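> build me a structure from this.
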Amino acid sequence: PAPFVPQAMPAGSVPPTGQRQVRPLPTHTDPLGDGRAAVAPRRVQPPGNICVATVDISKVSEDMQLVAAVLKQLHEGVAGAAPPAKKREMDDNSRRLGGLLWKLNEGEISGAVCSKLQSLCTALKAGDLAGANKVQVSLTTSDWDECSQWLTALKRLLKARLV
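This next block holds a predicted model:
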């Protein structure tokens, strides 16, 4: 007898009696195995050389302009007063905060986090470092997944400002 060669059946058709229907196996481009390719959403990443000084904030929404300005001021104030031994840490802070500002510019920060950032920056602008620190702790406990890339820098800068 001739060897059995499985063939895919068109969708909706019934195999003849005695034959079984063979479906294609799922792959990374066709996870359901139905012949349609899966299209993953395109995630744009910030440029590798991003920092507070070079980040584009021209498209930051109007309600988040204060946040961008206060965070830049916070970084510039702390970095300007930092001793040379802290240069590497300040460069890391600049890169991390640059990533946050880039995400703000791209509109990739959730509403809940934006609201907390507004509260934090309002407290900073008013000189309420304790209030700003409370908001930072809240971001750490409830929004870590979204904020982990830049929250370390924010915590360092607030700590330096407290001292």
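
> mind listing the strands for the chain?
Assigned by DSSP state E, the chain shows no strands.

> so which residue is smack in the middle of it?
Among the residues of the chain, the one closest to the centroid is residue 146, at 5.6 Å (Cα atoms, centre = their mean).

> and that residue, what does it touch?
109-110, 113 (Cβ atoms under 8 Å, 6 or more residues apart in numbering). Placement of C-beta: from N, CA and C, glycine included.

> ok, 10 Å please
Listed by Cβ atoms under 10 Å, 6 or more residues apart in numbering, the contact set of residue 146 reads 103, 108-110, 112-113, 139.

> likewise residue 126?
By Cβ under 10 Å, 6+ apart, the contact set of residue 126 is residue 132.

> how near is it to residue 72?
In this view, residue 126 and residue 72 are 17 Å apart by Cβ to Cβ, to the nearest Å.

> hmm, back to that, and the residue nearest to the centre of the chain, how far from residue 46?
Taken as Cβ to Cβ, the span from residue 146 to residue 46 is 15 Å.

> equivalent analysis for residue 109, please.
From residue 109 to residue 46 the distance is 13 Å (Cβ to Cβ).

> and the two? Which one has more around it.
More crowded of residue 109 and residue 46, by other Cβ atoms under 10 Å: residue 109, with 23 against 18.

> measure the residue nearest to that one when sequence neighbours are not counted to residue 45 for me?
Of all residues not flanking residue 109 in the chain, residue 103 sits nearest, at 5.3 Å (Cβ to Cβ, 6 or more residues apart in numbering). Distance, residue 103 to residue 45, by Cβ to Cβ: 10 Å.

> since that was my last question, I'll sign off now.
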